[in-house]
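Student: Next one to model:
(one chain, ligands or ions: 2)
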Amino acid sequence: MKLLVIGCGQCGGRIADEFARLNRKAHAQRGIDIIADTFAVNTDVTDLSGLSYVRRDDQHRILIGGQKTSGHGVGKINELGAEIAKEESDRVIEAARATPHFHEADAFLLVAGAAGGTGSGAIPILTQSLKERYVEKPLYNLIVLPFRYEEKVEDRTIYNAATCLKSVYLVADAVLLVDNQRYVKNTSSIQHNMARINSSVVEPFYNLLCAGEEKKAKFIGSKVLDAGDIIQTLAGWTVIGYGRVQKPWFSFSFGKKRDFMDKATETQKGVQAMTSAIDGLSLKCDPIDAKRALYLLSAPPEDMNMTLVNEIGSSLKRIATEAMIRSGDYPRGKRSLDVTVVLSELSNVSKVMGYFTTAIQRLSSYQKRRLDFEPSVLEDAFKDIPSLL
Ligand SMILES: Nc1nc2c(ncn2[C@@H]2O[C@H](COP(=O)(O)OP(=O)(O)OP(=O)(O)O)[C@@H](O)[C@H]2O)c(=O)[nH]1
Ligand SMILES: [Mg+2]
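Tutor: Numbers count the residues shown, from 1 in each chain. Ligands and ions are numbered 1, 2, ... in the order given. Predicted coordinates for the structure are as follows:
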């Protein structure tokens, strides 16, 4: 499957940059392309300059709202981010459309941080504009949820997250949720954390996108998971996870006939990879709430077998009991057994519901505060002070 990726704001731009890096890796290691092209849209010129893999020209790094923000961002005011995107969405779409690979894309993926200003405001607007023009093309959003400390300290965080999440849910075909807090390692610096988080966010997409683009016969699975399976799976709130077991721990078969005990161990390790994919889901949720799911097993060709694929499927079915499950095998790699899992059409995402509830509570207290505020008190207090204006 090939994606056309547009990152909005700083967070979105950096994750789009990671997708561009992932495509280079796919090209170098496997001779295939999984990304049709990558774009970064921002009101902040410095953020755009900090990217590494998105092409440097102004068709790929797109500065919007230059006149309103002088290239310095919207300072977390996501209404302003939305307003600017409304004025300039045509320019962004034209830039994306001009890429020679535009028609190769199976779907659009737009990315943003929910708590910022530019990305949070622009992503629903750009999604809607693209959807209006390309009705048939699946349109996905990847939304990064804020760290816990941001929710506590910064006033706009919850409000931005709630307004962004509501808006994208109404326009995107599916919303992939990524919770920054799930990836935190307290020992790392914030900057190192961000780089590591961004690379962990895109990692599960590598095999998932490569599997259906594979050209060499020996790497084509007996059950290929291609763009059609992914498109049929993605709907509404969605999470993604990835688990890996290194080969010396699951295979003892190299160079000799496989003992039945070895096979049992492999199956166990496959289930272990699935468990770790579920533990590492991009947002904590209950698999029982998923109406759709998919999993992909990637393993060295000599270790791939249908018993393994089916055992892994059974272990998913045991926890995602309500889901229609699609699956595939991808005989690739040398040293590890990898499981990618997607849970989609989630009916109850407690973190998202929490944003809506808190935002509504605060909205009414904010409105009340505004009504209680009596400007004439201040005006009375300084009415005898001379003004310089
Ligand atoms: N995972 C991840 N999260 C990020 C990154 N940069 C920012 N964030 C998160 O995104 C949110 C802030 O959004 P930004 O993308 O910085 O804001 P913006 O869209 O550029 O908007 P303004 O700066 O207000 O114009 C916060 O919750 C951050 O924790 C990043 O590189 N990776
Ligand atoms: Mg910014």
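Student: does residue 229 really touch residue 326, like I thought?
Tutor: Yes. With contact defined as C-beta atoms under 8 Å, residue 229 reaches residue 326; the gap is 4.6 Å. C-beta here means a position set from N, CA and C on the backbone, and glycine is covered the same way.
Student: which neighbours do the two share?
Tutor: Common neighbours of residue 229 and residue 326 (criterion: C-beta atoms under 8 Å, 6 or more residues apart in numbering): residue 294.
Student: Against which helices or strands is the helix or strand hosting residue 25 packed?
Tutor: In the assignment (DSSP states H and E), residue 25 maps to helix 9-30. Contacting helix 9-30 under the criterion 3 or more C-beta pairs under 8 Å, 6 or more residues apart in numbering; DSSP states H and E are the following elements: strand 3-8, strand 35-42, helix 45-49, strand 107-113, helix 118-133, strand 139-145, helix 190-202, helix 205-211.
Student: at 6 Å what do you get?
Tutor: Judged by 3 or more C-beta pairs under 6 Å, 6 or more residues apart in numbering; DSSP states H and E, the packing partners of helix 9-30 are strand 3-8, strand 35-42, strand 107-113, helix 118-133, helix 190-202.
Student: What strands flank the shortest one, and is each parallel or antiparallel?
Tutor: Pointing back at strand 3-8 there. Using DSSP bridges, the strands paired with strand 3-8 in its sheet are strand 35-42 (parallel), strand 107-113 (parallel).
Student: got those as JSON lines, with mean neighbour count columns?
Tutor: Shown next, in JSON lines, are the strands paired with strand 3-8 (neighbours: other C-beta atoms under 10 Å):
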{"stretch": "strand 35-42", "mean neighbour count": "27"}
{"stretch": "strand 107-113", "mean neighbour count": "27"}
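Student: mind putting those strands in JSON lines, distance to ligand 1 included?
Tutor: Below are the strands paired with strand 3-8 laid out as JSON lines (distance: least, C-beta to the nearest ligand atom, whole Å):
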{"stretch": "strand 35-42", "distance to ligand 1": "6"}
{"stretch": "strand 107-113", "distance to ligand 1": "3"}
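Student: Distance to residue 166 added to those, as CSV?
Tutor: Conversion of the strands paired with strand 3-8 to CSV gives the following (distance: least, C-beta to C-beta, whole Å):
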stretch, distance to residue 166
strand 35-42, 21
strand 107-113, 14
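Student: Adding distance to residue 282 and mean pLDDT, write these out as CSV.
Tutor: CSV is the format used below for the strands paired with strand 3-8 (distance: least, C-beta to C-beta, whole Å; pLDDT from 0 to 100):
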stretch, distance to residue 282, mean pLDDT
strand 35-42, 19, 98
strand 107-113, 12, 98
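Student: Of all those strands, which one is nearest residue 278?
Tutor: Residue 278 lies closest to strand 107-113 among those, at 22.9 Å (C-beta to C-beta).
Student: From the chain's centroid, how far away is that closest one?
Tutor: On the basis of C-alpha atoms, centre = their mean, to the nearest Å, strand 107-113 sits 7 Å off its chain's mean C-alpha point.
Student: Name the residues that touch that strand?
Tutor: Residues from elsewhere that reach strand 107-113, judged by C-beta atoms under 6 Å, 6 or more residues apart in numbering: 3-9, 11-12, 15-16, 119-120, 123, 127, 130, 138-142, 144.
Student: Hmm, residue 64 and residue 84 touching each other?
Tutor: Yes. The criterion here is C-beta atoms under 6 Å, and residue 84 meets it with residue 64 at 5.4 Å.
Student: residue ranges of the strands in the protein, please?
Tutor: Listed in chain order, the strands of the chain (DSSP state E) span 3-8, 35-42, 61-63, 107-113, 139-145, 174-179, 236-246, 290-298, 324-330, 336-346.
Student: residues contacting the residue with the shortest distance to the centre of the chain?
Tutor: The residue lying closest to the centre of the chain (C-alpha atoms, centre = their mean) is residue 142, at 3.3 Å. The contact partners of residue 142, by C-beta under 6 Å, 6+ apart, come to 111, 176.
Student: pLDDT score for it?
Tutor: Predicted confidence (pLDDT) at residue 142: the value is 98.
Student: and the residue of the stretch 101-250 of the chain found nearest ligand 1, what is it in contact with?
Tutor: The nearest approach of the stretch 101-250 of the chain to ligand 1 comes at residue 116, 2.1 Å away (C-beta to the nearest ligand atom). Listed by C-beta under 6 Å, 6+ apart, the contact partners of residue 116 are residue 9.
Student: Correct me if wrong: residue 139 contacts residue 175.
Tutor: No. Residue 139 is beyond contact range of residue 175, at 10.4 Å (criterion: C-beta under 6 Å).
Student: Which one's more surrounded, these two?
Tutor: residue 175 (26 against 20; other C-beta atoms under 10 Å).
Student: Apart from its neighbours in sequence, what residue is nearest that one?
Tutor: Among residues not flanking residue 175 along the chain, residue 141 sits closest, at 4.8 Å (C-beta to C-beta, 6 or more residues apart in numbering).
Student: With that, I have no additional questions.
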